[in-house]
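Colleague: A predicted structure for the sequence below; I have some questions about it.
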Amino acid sequence: MIEEEFYDLHHKQLYKPDHHYASKGKGYVYEYRLEVEEAIGRYLIPKEKVHHHYNADGSVTLVLCPNTIYHSLLHIREEALRFCGHANWRKCKFCKQYDDPKDLVINNWCNYHKSCRSAYRKKEEINDIK
């Protein structure tokens, strides 16, 4: 299944022009938002996001996230678990390998091994000289 078909399958929009957060002018709402709203008995507020967790059996579990940051964290953890088997591990910006956070420098914009950053800087210095 190509990515666009996969996206359309799990991001189906329903025509609900009277919905509080229907798209302007068109009146559509994502079906998964309606499912979560029905389950919790209220409209989602704009900062709340719905995360799709795809189970091994092909079913989808919807997770209500309080904000975009939490939603992004779920994606980061799922990707780490899928690629290295450890949800808490993070990927080095330079070598692209997953590792235990205690072996990485962790900051707001990236995670990296000190040795990988040093090698990257040396390579950049050589390129600047040329």
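Modeller: Looks like it arrived, so ask away.
Colleague: apart from its neighbours in sequence, what residue is nearest residue 43?
Modeller: residue 20 (4.8 Å; C-beta to C-beta, 6 or more residues apart in numbering). All C-beta spots, glycine's among them, are computed from the backbone N, C-alpha and C.
Colleague: the lowest-mean-pLDDT helix or strand in the chain: what's the following helix or strand?
Modeller: Every helix and strand of the chain was ranked by mean pLDDT, DSSP states H and E. The lowest is helix 3-10, at a mean of 50. Next along the chain after helix 3-10, taking DSSP states H and E as the criterion, comes strand 13-15.
Colleague: report all helices and strands that that following strand contacts.
Modeller: Other helices and strands packing on strand 13-15, by 3 or more C-beta pairs under 8 Å, 6 or more residues apart in numbering; DSSP states H and E, are strand 28-30, helix 31-40.
Colleague: and of these, who's closest to residue 70?
Modeller: Distance to residue 70, taken as C-beta to C-beta, is lowest for helix 31-40 among those, at 14.5 Å.
Colleague: below-threshold pLDDT in this protein: ranges please.
Modeller: 1-11, 128-130 (pLDDT under 70).
Colleague: would you list every one of the helices in it?
Modeller: 3-10, 31-40, 68-84, 114-129 (DSSP state H).
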